[in-house]
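1. got a predicted structure here, sequence first:
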Amino acid sequence: MTTCTPQQRAFRRFSFATAFAALLTIAIAIIPAACQTAPKPAPAAQTTSIHKQAFQVASIRPLDPHAPRENSGQGMSFPSNRFTLQRIGLKGLIQLAYGVGKISGGPAWVDSQIYSVNAKVEGDALLTQKQMQPLLQNLLEERFHLKLHRVQNIVPGYALVVAQGGPKLQPAKGGPFFGLNSLCELKYQNDSVENFVNVIGSSLKAPVVDKTGLEGTYDFDLKFVPEDSPYSNDPSCSNVPDLFIAVQKQLGLKLVAQKVPVDSFVIDHVEPLSEN
């Protein structure tokens, strides 16, 4: 039997305590690491595909602005899977694409060059005129590299509201989308009130906004004589009222003078027609 001296016993106690402390330190360091779950790999970046609404096929052809006008008698009818127009300027196309009446800016050719447009949506989907607008906007951006900015002003104008007794509008019978402006008659077929207010505004030479809340398309037949019309004394228009009375009696709507917001677009950049 070996007998340990007091110094040896103290050394052993010190060695055991030192070893135990070292092991405890290692365990404290290892255990949390062992309990931690392995870090998850960062999720792969998700790419969002921004699909622009576009026509399946589309053709825009420049026409000779001095060539004789051919009246095919055909127009657009909505809803449709086609957008077809003959002899229209770029500003007219922008007006249709964005639903605004005033376009300004751009080089001189923007006001002189005219085009024929023939486009078809994908498949057999039938789109309303409003649904067709984003497709037309993207087409103009693609072919003309068009860039615009919007300007809104509050100006004196008129609001079109429903008159007492309710509207007298005739629902569209599926006729083509076209207009007729004769001596004392304004006729538009298969058009919305939202679009027709622009026609009224042209006659008033003032902006008109639609506050009727009426949806759908209608056949408009409005007989009136503008105050400054050269035909106001024409015998065939002798019993025709002015526009304000005509709108109320014939359409069941009313023009109310008030300040209205008017949107317009300014052309910031445009290039001549690129490839079709």
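-> Everything's here; your move.
2. hey, what's the residue lying closest to Leu222 once chain neighbours are set aside bridged with?
-> Leaving aside its sequence neighbours, Leu222 sits nearest to Leu186 (CB to CB, 6 or more residues apart in numbering; 4.5 Å). C-beta: built from backbone N, CA, C; applies to glycine. When bridges are called by DSSP bridges, Leu186 pairs up with Asn181, Leu222.
3. confirm Asn198 sits in a helix?
-> Yes - under DSSP: H, G, I helix; E, B strand; the rest coil, Asn198 sits within a helix.
4. thinking it is in contact with Lys102, fair?
-> No - at 9.9 Å, Asn198 does not count as touching Lys102 under the criterion of CB atoms under 8 Å.
5. out of these two, which sits in the more crowded spot?
-> Counted by other CB atoms under 10 Å, Asn198 and Lys102 do not tie: Asn198 has more neighbours, with 18 against 15.
6. if we can go back for a sec, and the residue nearest to Leu222, how many neighbours?
-> Neighbour count for Leu186, taken as other CB under 10 Å: 21.
7. next one: Pro68
-> Neighbours of Pro68 (other CB under 10 Å): 6.
8. same check, this time on the one 10 residues further on
-> By other CB under 10 Å, 19 other residues sit near Phe78.
9. next: Pro272.
-> With neighbours defined by other CB under 10 Å, the count for Pro272 comes to 12.
10. repeat that for Ala125.
-> 11.
11. equivalent analysis for the one 10 residues further on, please.
-> One way to gauge burial is a neighbour count; for Leu135, by other CB under 10 Å, it gives 21.
12. can you show me the CA trace of the helix or strand containing it as PDB?
-> Assignment of secondary structure by DSSP states H and E places Leu135 within helix 129-144. Presented in PDB, the C-alpha positions along helix 129-144 are these (Å, rounded to 0.1, in the frame of the first residue of the first chain):
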ATOM      1  CA  GLN A 129     -62.400  49.000 -74.900                       C
ATOM      2  CA  LYS A 130     -61.000  49.700 -71.400                       C
ATOM      3  CA  GLN A 131     -59.400  46.200 -71.200                       C
ATOM      4  CA  MET A 132     -57.800  46.800 -74.600                       C
ATOM      5  CA  GLN A 133     -56.000  50.000 -73.400                       C
ATOM      6  CA  PRO A 134     -53.000  48.400 -71.600                       C
ATOM      7  CA  LEU A 135     -52.300  46.300 -74.700                       C
ATOM      8  CA  LEU A 136     -52.400  49.400 -76.900                       C
ATOM      9  CA  GLN A 137     -50.200  51.300 -74.400                       C
ATOM     10  CA  ASN A 138     -47.500  48.600 -74.500                       C
ATOM     11  CA  LEU A 139     -47.700  48.500 -78.300                       C
ATOM     12  CA  LEU A 140     -47.000  52.200 -78.600                       C
ATOM     13  CA  GLU A 141     -44.200  51.900 -76.100                       C
ATOM     14  CA  GLU A 142     -42.700  49.000 -78.100                       C
ATOM     15  CA  ARG A 143     -43.000  50.400 -81.600                       C
ATOM     16  CA  PHE A 144     -42.500  54.200 -81.000                       C
END
